[in-house]
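In: Sequence and predicted structure are below.
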Amino acid sequence: MSLRGTQHYGNCLDSVPLRVRSAVEGARRLDFPFCVRPEIGRLLAVLAGGLPAGARAGETGTGTGAGLAWMVDAARDDVTFVSIEQDGDRVAVARTVFADRANVEILHGDSATIVEQGPFDLLVLDGGPGSGKGDDVPVDPTSCLVPGGLITVDDFTPMSQWPPTHGGEIDTARLHWLTHPALDATEIRVAPDLAVVVGRRRHRTGR
């Protein structure tokens, strides 16, 4: 969920996939400001579009379904998706957005339970616990990803030094993912003020 992400669709709503537009319009009706930004949505579409037949993707923090819509629109029809949202009103909107897609499941509950739904070929940590930001415990990629599976953690300020910092202190959450021994990870700058960490679970460890 991106800070003020919903407002970033103000000048481009006519150019995004129809399902994304429906999710954003639902967010506006609920006065929900945290839709995934279009820049992140396009990256998610690229990643989801590369998933193999029969893959499974997970997401935390559904919101009204904007990020999920970017992925579902780009992925194969036989890729299955599960996304978790704690707010009932947002769940209702998201379920309406995907009412015609039997391969998409929207769960109402605690995002920490996402690990119970895996392992995944793609896991998007977009809200709630699991990212390691704040005081929450990051998910274990060896438990929630298949070998070669992808994980994304979004809404970082682009890194300008090493080790990365945030608020004048070492950014331990970002450092956790970039140096995780089970991942090959990097930071992708999607806008001048916005970056996403993307990691792939290694097929072999200890290299």
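Out: Done, it's in.
In: okay, CA-based contacts and neighbour counts for the rest of this
Out: Noted.
In: what comes into contact with the helix or strand of the chain with the lowest mean pLDDT?
Out: The helix or strand of the chain with the lowest confidence, counting by mean pLDDT, DSSP states H and E, is strand 165-166 at a mean of 87. Applying Cα atoms under 8 Å, 6 or more residues apart in numbering, the external contacts of strand 165-166 come out as 157, 159, 171.
In: what do you get if the cut-off is 6 Å, keeping everything else the same?
Out: Residues outside strand 165-166 that contact it (Cα atoms under 6 Å, 6 or more residues apart in numbering): residue 171.
In: Sheet-wise, list the partners of the helix or strand that comes right after that strand with their directions.
Out: Using DSSP states H and E, the next helix or strand after strand 165-166 towards the C-terminus is strand 169-170. Strands that pair with strand 169-170, judged by DSSP bridges, come out as strand 165-166 (antiparallel).
In: So which residues of this protein form helices?
Out: All helices of the chain, identified by DSSP state H, fall at 18-29, 38-49, 66-74, 88-97, 141-144, 172-178.
In: got the ones you listed as a markdown table, with mean neighbour count columns?
Out: Below are these laid out as a markdown table (neighbours: other Cα atoms under 10 Å):
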| stretch | mean neighbour count |
| --- | --- |
| helix 18-29 | 21 |
| helix 38-49 | 20 |
| helix 66-74 | 25 |
| helix 88-97 | 19 |
| helix 141-144 | 19 |
| helix 172-178 | 19 |
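In: for those helices, which one sits closest to residue 127?
Out: Between residue 127 and the helices of the chain, the shortest gap by Cα to Cα is with helix 66-74, which sits at 11.1 Å.
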